[in-house]
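Participant: structure of the sequence below:
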Amino acid sequence: MRHHKRTGKLSRNKSKRDALLKNLVSSLFTYQRIKTTVPKAKEASRLADKMITLGKRGDLQAEREAFSILRDRTMTSHLFKEIAPMFKNRAGGYTRIFYTNSRPGDGADMAILELTEQKIKETPKAKPSKEKPRAEEKPAIEAPTPPTTPEVSKAEEKPKEKPEEKKGFIPKLRDWFKKK
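Facilitator: I've put the predicted structure just below:
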């Protein structure tokens, strides 16, 4: 009997299932949106909601519990400093699942799992300048150019002549047999 067993098995044993869910949650916190199968998205959503709740608590014990699941200090600090403050006014429902097409290879139902509140990444746009472009100004005093010498070595005077290339397939084939 499955009394009090809430997680799906996902066709994996416990250690591989835990590793999969931890990786999905850390990817979700990194990219704020991931594409996966529906059962994996549902399980990862449950774990992600628990992690964000720990982040909102913000005490040392919550950090230790989050670290025991995420196993990465930078990801844990990212959760507590950037992700959890986004949800400070929300009581729950930190993630949402959008159902998409089925996967072409095996027909598995796919879904997009994302955080409900996302940090908007704005790239600063260059403002058009109101000033008219200036014409290029020449310096008042030009630097003297170095004197040129008429001395040229004999090697530079005559470019090396290339032997005429034989055109066609048969002359090249003959040369190839001669080399061997």
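
Participant: tally of neighbours for H78?
Facilitator: When counting by other Cβ atoms under 10 Å, one arrives at 17 neighbours for H78. Every C-beta, even on glycine, is put in place using the N, C-alpha and C of the backbone.

Participant: touching, it and S26? I think so.
Facilitator: No: using Cβ atoms under 8 Å, H78 is not in contact with S26; the gap is 9.2 Å.

Participant: show me what contacts the spatially closest residue to Q118 that is not a sequence neighbour?
Facilitator: Computed as Cβ to Cβ, 6 or more residues apart in numbering, the closest residue to Q118 that is not its neighbour in sequence is Q32, at 4.9 Å. Shown in contact with Q32 (Cβ atoms under 8 Å, 6 or more residues apart in numbering): E114, L115, Q118, K119.

Participant: one more: M75?
Facilitator: S26, F29, T30.

Participant: and the second one, what's its pLDDT?
Facilitator: At F29 the predicted local confidence, pLDDT, stands at 95.

Participant: by contact count, what packs against the helix or strand harbouring it?
Facilitator: Per DSSP states H and E, F29 falls inside helix 14-31. Counting contacts by 3 or more Cβ pairs under 8 Å, 6 or more residues apart in numbering; DSSP states H and E, helix 14-31 is packed against strand 33-37, helix 38-57, helix 60-70, helix 73-78, strand 109-115.

Participant: re the thing from before, looking at the contacts of M75, which is nearest G92?
Facilitator: F29 (17.3 Å; Cβ to Cβ).

Participant: now the residue sitting nearest the centre point of the chain: how far from H78?
Facilitator: Nearest to the geometric centre of the chain sits Y31, at 8.3 Å (Cα atoms, centre = their mean). Distance, Y31 to H78, by Cβ to Cβ, to the nearest Å: 12 Å.

Participant: let's have the contacts of M75 in CSV, adding neighbour count.
Facilitator: Putting these into CSV (neighbours: other Cβ atoms under 10 Å) gives the following:
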residue, neighbour count
S26, 21
F29, 22
T30, 13
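
Participant: from these, which single one is nearest T37?
Facilitator: Of the contacts of M75, the one sitting nearest to T37 (Cβ to Cβ) turns out to be S26, at 17.7 Å.

Participant: so the closest one makes contact with I69?
Facilitator: No: at 9.2 Å, S26 does not count as touching I69 under the criterion of Cβ under 8 Å.

Participant: still on that earlier bit, in CSV, list the C-alpha atoms belonging to the helix holding F29.
Facilitator: The C-alpha coordinates for helix 14-31 follow below in CSV (Å, rounded to 0.1, in the frame of the first residue of the first chain):
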residue,chain,number,x,y,z
LYS,A,14,14.6,6.8,-5.1
SER,A,15,18.2,8.0,-5.5
LYS,A,16,17.8,8.7,-9.2
ARG,A,17,14.4,10.3,-8.7
ASP,A,18,15.7,12.6,-6.0
ALA,A,19,18.7,13.6,-8.2
LEU,A,20,16.4,14.3,-11.1
LEU,A,21,14.1,16.5,-9.1
LYS,A,22,16.9,18.4,-7.5
ASN,A,23,18.4,19.1,-10.9
LEU,A,24,15.1,20.2,-12.3
VAL,A,25,14.5,22.6,-9.4
SER,A,26,18.0,24.1,-9.6
SER,A,27,17.5,24.6,-13.4
LEU,A,28,14.1,26.2,-12.7
PHE,A,29,15.7,28.6,-10.3
THR,A,30,18.5,29.4,-12.7
TYR,A,31,16.5,29.9,-15.9
